[in-house]
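Asks: sharing a model that was predicted from the sequence below.
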Amino acid sequence: MREKCKIPALLIAPIRDAIGMTGEQLARRLGVQKQRIVALEKGEVAGTATINSMKKAAEAMDCVFVYALLPRKSLEANVENQAHKYAKKMHTAIQHSMLLEQQGLTMDENRQGIKENTDYLVRNSAKAIWELD
């Protein structure tokens with residue numbers, strides 16, 4: 001199950017306060033009503049503020065807005081992990097069929113097969129591995 005990304009609420013209001021700017025002053029700089037700044041700051045906390053509105057608010061406070069995706073692991077490790085899951089699922093189905101035919105693999109043979117399939121998938125089928133949830 002995927003986790004919902006949460007934007008840290010450390011942008012508009014704390015920076016505005018730190019530089020001594022009121023919500024009214026920010027609203028004037030943006031050419032909006034003060035209520036829009038209140039809504040923007042609440043939207044930031046709720047994760048519903050748009051990138052464009054965040055960027056405009058940052059510029060109005062002489063800041064740079066940076067939007068980034070930060071992988072939990074290296075991209076290579078991410079691909080390797082997903083390829084391993086995909087290879088394991090494929091291998092489990094094959095192993096089941098082989099067991100029904102009394103041709104099952106040993107644990108070492110099974111592990112080696114999964115590793116070889118993982119390596120192959122990483123090198124040749126990066127897009128296919130993402131079909132697995």
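Replies: Ah, there it is. Residues are numbered from 1 along each chain as shown.

Asks: give me the distance from the longest helix belonging to the chain to the chain's centre.
Replies: The longest helix of the chain (DSSP state H) is helix 75-100. Helix 75-100 sits 23 Å away from the centroid of its parent chain (C-alpha atoms, centre = their mean, to the nearest Å).

Asks: same check, this time on stretch 20-28
Replies: 33 Å.

Asks: average pLDDT across it?
Replies: Averaged over stretch 20-28, pLDDT sits at 96.

Asks: quick one: residues contacting residue 23.
Replies: Shown in contact with residue 23 (C-beta atoms under 8 Å, 6 or more residues apart in numbering): 16, 34, 37-38, 41. C-beta coordinates here come from the backbone N, C-alpha and C atoms, glycine included.

Asks: buried subset of the residues you listed?
Replies: 16, 37, 41 (16 or more other C-beta atoms under 10 Å).

Asks: could you dump these to TSV with pLDDT?
Replies: Formatted as TSV, the buried ones among the contacts of residue 23 follow (pLDDT from 0 to 100):
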residue	pLDDT
16	94
37	96
41	94
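
Asks: okay, and which of these map to helices?
Replies: Per DSSP H, the buried ones among the contacts of residue 23 map to helices at 16, 37, 41.

Asks: and the helix or strand bottoming out on mean pLDDT in the chain, what does it pack against?
Replies: Lowest mean confidence among the helices and strands of the chain (mean pLDDT, DSSP states H and E): helix 75-100, at a mean of 80. Judged by 3 or more C-beta pairs under 8 Å, 6 or more residues apart in numbering; DSSP states H and E, helix 75-100 is in contact with helix 107-124.
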